[in-house]
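Engineer: Please work out how this folds:
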Amino acid sequence: MLDTEVRYVKGVGERLSKLMGKLGVFTVRDLLTHFPHRYEDRSRFLKIGQLRPGDAATFIGTVAHTENVRTPRSHKLLTKVAVQDGTGVVTLVWFNQHYIKPKFDKLRGREIVVYGTALYSNRGLEIVNPEWEEEDSGGDSTATGRIVPVYPLTEGLFQSTVRKAIHRALDTYLSKLGDVLPDEIMNRRDLVDVQCAYKNIHFPESQEALDAARYRLVYEELFLLQLALAMRKQNVTTAQPGIVFEIAPEYTRAFYDSLPFDFTTAQKRVVAEIHRDMSRPTAMNRLVQGDVGSGKTVVAVAAMMVAVHNGYQTAMMAPTEILAEQHYRVLSRILENLGVETALLIGSMTAKQKRLVRERVASGEVKVVVGTHALIQEDVEFKNLGFAVIDEQHRFGVLQRAALREKGWSPDVLVMTATPIPRTLALTVYGDLDLSVVDELPPGRKPIRTHWKTVDQRKSVYDGVRKLIEQGRQVYIVCPLVEESEKLQAEAATVLAERLKAEVFPDLELALIHGKMKTADKDDVMRRFRDGEIQILVATTVIEVGVDVPNACVMVVEDAERFGLAQLHQLRGRVGRGEHQSFCVLVADPKTDDGRERLEVMARTTNGFEIAEEDLRIRGPGEFYGTRQSGLPSFRIANILRDVEILEQSREDAFALVKADPNLRKPDHAELRAEVFRRFEGYELVAVS
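Structural biologist: Predicted coordinates:
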């Protein structure tokens with residue numbers, strides 16, 4: 001019944017159902033879960049004489065006069081309806097709505113209920129485009145005399161239309177809504193029943209009833225999500241026997257002795273957490289997050305070496321070739337002293353090169369392989385893959401993570417991200433992973449000084465760049481973000497490089513790098529920049545990840561307001577990797593409050609976790625990550641900025657339930673299990689058996 005097409009709801013029909021489809025409303029269930037995004041309290045009635053300009057109010061009055069007039073300049077049709085109640089008169093006004101006057105002609109002398117915002121004009125007190133209905137509409141009123149829902153709309157749909165459709169759907173289908181939450185949880189969390197919740201989320205009887213309804217529906221949405229995550233974790237880790245690695249002191253000591261630096265306290269703590277997982281008989285599924293430059297990669301290598309010493313192969317998968325190449329260089333440099341050979345496998349290699357690597361991986365000759373998606377192609381076979389690392393996890397889906405795991409016999413999986421994740425998102429997007437945080441930078445790292453400069457200060461920025469180059473330093477200049485098009489980005493970077501070379505830095509060594517260049521050409525440019533042959537590197541965001549250049553101490557971002565906070569933070573992390581004081585200069589004239597706020601945050605802090613929290617607050621949960629990309633459906637009613645406490649309650653309850661009844665096989669949980677599958681069907685999130 002709830003999957004009935006919305007066009008069959010009384011009063012909807014073919015035309016309105018097509019408009020509702022633009023909002024993702026195709027069935028009765030979709031209509032009932034098309035929740036209001038805010039409410040207006042129209043339960044308190046005022047007298048017309050009490051109306052004040054700018055105040056939204058509800059009142060009852062008698063239709064006294066109607067007329068159509070033309071505006072003097074544009075000759076638009078103006079419909080004016082005078083309404084009085086003994087304390088005053090207000091004029092209701094509509095533009096170019098021919099059908100309005102005939103309606104009110106029939107209502108002359110009768111009472112109507114009106115809701116709108118009053119304003120003064122040279123014609124007196126007016127309300128433009130008010131909501132109204134006849135006073136004798138009784139208890140079925142959806143727009144006045146109550147707390148009134150306000151829904152998301154699309155062009156051609158009106159609040160009154162949606163309210164009436166939902167009101168009729170509730171009349172017909174409310175009884176078909178069944179509770180899937182266990183009684184024990186309903187009682188412990190003091191949740192109202194599902195029918196009461198749906199009735200009061202749309203047409204609340206009181207503010208208290210609305211609050212109780214929202215709590216119930218938010219809890220249910222988050223609880224079902226956490227159940228899916230708990231079931232995934234149960235199947236991927238707890239339910240699957242894993243490799244029990246021996247953590248021998250001589251293995252780890254040899255690795256640490258080969259490094260030219262000491263681990264930070266945070267790195268040691270995270271390595272200990274990973275080693276603890278590796279020594280258990282279940283497969284590891286852990287996320288390591290840490291700020292730019294915090295040393296996550298070497299933490300991963302410490303774990304990979306344990307697997308190698310236990311006789312297993314290891315793999316590291318990165319989202320881009322340039323990042324894979326960076327990891328390959330780092331791992332090769334670290335591991336060659338230990339006699340461990342590292343191989344690279346990426347799409348741009350020749351067929352012969354790829355074939356040779358695949359053969360050596362399949363034979364077990366190569367113990368450490370670094371690559372891109374090429375690692376999970378069907379023709380790549382490992383002899384005994386025991387440990388897999390996935391970098392920049394947010395750029396991969398859950399299925400790609402699973403595909404790499406399937407290359408071995410239940411290998412341990414470590415995923416890493418340099419994009420700090422707010423706690424609430426970590427509990428949702430990565431809720432099936434155990435979490436480790438490298439929250440300390442290596443000693444000696446000087447905080448990067450960040451400055452926001454306006455466009456008319458650009459000359460002074462370039463003068464500062466020149467002074468630092470004269471001191472022997474190197475500089476990145478990132479071109480403005482045109483749009484999500486690598487071709488347009490390449491063109492924009494080319495134009496910027498040509499202008500800077502011709503007009504600003506004609507005497508300096510300046511080069512260009514962008515995503516449309518051949519890999520060999522990008523490698524050559526980055527090598528020359530790393531070796532100090534290039535003083536200024538003009539780039540697109542392709543250098544968001546790339547080769548470390550300790551001598552590069554300035555990052556200039558042009559039109560910085562076009563970038564998101566996370567991307568600005570990643571770009572800033574390209575500098576500050578050497579002994580010299582580093583600077584990030586954001587050149588921007590933001591036109592929006594959000595744009596200004598982002599730049600102020602960047603100038604105020606270098607803490608990636610604080611930046612992530614601000615980014616989530618400014619952009620909102622829906623935009624922080626593409627939901628499909630992360631395998632996470634969008635929320636219908638929950639807001640993880642506002643509902644942190646409910647999120648943590650639901651997570652605690654869901655994981656406890658799955659621990660007691662893995663995969664929800666008990667008869668009492670059959671409907672709950674079915675609802676989890678129904679909600680998350682088609683998303684990478686659901687991989688339970």
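Engineer: does Leu344 count as helix, strand or coil?
Structural biologist: The three-state assignment at Leu344 reads strand, by DSSP: H, G, I helix; E, B strand; the rest coil.
Engineer: I figured it hits Val370, correct?
Structural biologist: Yes: at 5.5 Å, Leu344 and Val370 qualify as touching, with contact defined as CB atoms under 8 Å. In this view, the C-beta of every residue, glycine as well, is placed from N, C-alpha and C.
Engineer: Looking only at neighbour counts, state which of these two leads.
Structural biologist: Comparing Leu344 with Val370 by other CB atoms under 10 Å, the one with more neighbours is Val370, at 27 against 21.
Engineer: The more buried one contacts Gln313, doesn't it?
Structural biologist: No: applying CB under 8 Å as the test, Val370 and Gln313 come out as separate, 12.0 Å apart.
Engineer: what's the overlap in contacts for Leu344 and Val370?
Structural biologist: Residues touching both Leu344 and Val370 by CB atoms under 8 Å, 6 or more residues apart in numbering: Ala324, Tyr328.
Engineer: which one's the longest helix in the protein?
Structural biologist: The single longest helix within the chain, with elements called by DSSP state H, is helix 207-233.
Engineer: Can you give me the neighbour number for Phe263?
Structural biologist: Other residues close to Phe263 by other CB under 10 Å number 17.
Engineer: swap in Gln159?
Structural biologist: With other CB under 10 Å as criterion, Gln159 counts 17.
Engineer: Report the mean confidence score over stretch 38-56.
Structural biologist: Mean pLDDT, computed over stretch 38-56, is 87.
Engineer: likewise stretch 232-247?
Structural biologist: For stretch 232-247, mean pLDDT is 79.
Engineer: quick one on the thing from earlier: which other helices and strands does the longest helix of the chain contact?
Structural biologist: Contact here means 3 or more CB pairs under 8 Å, 6 or more residues apart in numbering; DSSP states H and E; on that basis helix 207-233 packs against helix 194-202, helix 644-660, helix 670-680.
Engineer: Indicate which one of the ones you listed is closest to Gly293.
Structural biologist: Of all the helices and strands packed on helix 207-233, helix 644-660 sits nearest to Gly293, with 28.8 Å by CB to CB.
Engineer: in the closest one, what counts as buried?
Structural biologist: For helix 644-660, the neighbour count (16 or more other CB atoms under 10 Å) marks Ile646, Leu647, Gln649, Ser650, Arg651, Asp653, Ala654, Phe655, Leu657, Val658 as buried.
Engineer: With stretch 310-321 instead?
Structural biologist: Using 16+ other CB under 10 Å as the test for burial, stretch 310-321 gives Asn310, Tyr312, Gln313, Thr314, Ala315, Met316, Met317, Ala318, Pro319, Thr320, Glu321.
Engineer: Can you measure across that stretch, start residue to end residue?
Structural biologist: End-to-end distance for stretch 310-321, by CA to CA, to the nearest Å: 29 Å.
Engineer: do the same with stretch 414-426
Structural biologist: Terminal residues of stretch 414-426 are spaced 15 Å apart (CA to CA).
Engineer: Report the mean per-residue pLDDT for it.
Structural biologist: If you average the pLDDT over stretch 414-426, you get 77.
Engineer: what does stretch 88-106 give?
Structural biologist: pLDDT averaged over stretch 88-106 gives 91.
Engineer: and that stretch, how far out from the chain's middle?
Structural biologist: Using CA atoms, centre = their mean, to the nearest Å, the mean C-alpha position of stretch 88-106 is found 45 Å from that of the whole chain.
Engineer: Only C-alpha atoms, please: export it in CSV.
Structural biologist: Written as CSV, here are the backbone C-alpha positions of stretch 88-106 (Å, rounded to 0.1, in the frame of the first residue of the first chain):
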residue,chain,number,x,y,z
GLY,A,88,-9.4,47.9,11.4
VAL,A,89,-9.1,47.1,7.7
VAL,A,90,-6.3,45.3,5.8
THR,A,91,-6.0,44.9,2.0
LEU,A,92,-5.0,41.5,0.6
VAL,A,93,-3.1,41.9,-2.7
TRP,A,94,-2.3,39.5,-5.6
PHE,A,95,-0.5,40.3,-8.9
ASN,A,96,-1.7,38.8,-12.2
GLN,A,97,-4.0,36.2,-10.7
HIS,A,98,-7.2,36.6,-12.7
TYR,A,99,-9.1,33.8,-10.8
ILE,A,100,-8.8,35.5,-7.4
LYS,A,101,-11.5,38.2,-7.7
PRO,A,102,-14.3,35.8,-8.7
LYS,A,103,-13.6,33.7,-5.7
PHE,A,104,-13.8,36.6,-3.3
ASP,A,105,-16.8,38.1,-5.0
LYS,A,106,-18.7,34.9,-3.8
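Engineer: Look at Cys584 and tell me its secondary structure.
Structural biologist: Using three-state DSSP, the structure places Cys584 in strand.
Engineer: Equivalent analysis for Leu616, please.
Structural biologist: helix.
Engineer: Just give me the neighbour total for it.
Structural biologist: Using other CB under 10 Å, Leu616 has 22 other residues around it.
Engineer: likewise Thr71?
Structural biologist: 11.
Engineer: Not counting its neighbours along the chain, what's nearest it?
Structural biologist: Leu78 (5.7 Å; CB to CB, 6 or more residues apart in numbering).
Engineer: what comes up buried for the strand or helix carrying Val83?
Structural biologist: Applying DSSP states H and E as the criterion places Val83 in strand 77-84. By neighbour count on 16+ other CB under 10 Å, the buried set for strand 77-84 is Leu78, Thr79, Lys80, Val81, Ala82, Val83.
Engineer: Tell me who's in contact with the nearest residue to the last one once chain neighbours are set aside.
Structural biologist: I take that to be Val83. Leaving aside its chain neighbours, Val83 sits nearest to Gly61 (3.8 Å; criterion: CB to CB, 6+ apart). Listed by CB under 8 Å, 6+ apart, the contact set of Gly61 reads Ile48, Val83, Gln84, Asp85, Val90, Glu111, Ile112, Val114.
Engineer: in the helix or strand harbouring Gly61, what's buried?
Structural biologist: Take DSSP H and E as the rule and Gly61 turns out to sit in strand 56-70. By 16+ other CB under 10 Å, the buried positions in strand 56-70 come out as Ala57, Thr58, Phe59, Ile60, Gly61, Thr62, Val63, Thr66.
Engineer: how many degrees apart are it and strand 77-84 in direction?
Structural biologist: Strand 56-70 runs at 130 degrees relative to strand 77-84, counting by axes from the mean of the first three to the mean of the last three CA atoms, to 10 degrees.
Engineer: The stretch 351-500 of the chain: strands as residue ranges?
Structural biologist: Listed in chain order, the strands of the stretch 351-500 of the chain (DSSP state E, counting those that start in this stretch) span 368-371, 385-390, 412-417, 434-438, 449-453, 474-478.
Engineer: Adding distance to Tyr256, write those strands out as TSV.
Structural biologist: Below are the strands of the stretch 351-500 of the chain laid out as TSV (distance: least, CB to CB, whole Å):
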stretch	distance to Tyr256
strand 368-371	18
strand 385-390	18
strand 412-417	18
strand 434-438	16
strand 449-453	33
strand 474-478	32
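Engineer: ok, Leu481 to Leu571 distance?
Structural biologist: Per CB to CB, to the nearest Å, Leu481 is found 11 Å from Leu571.
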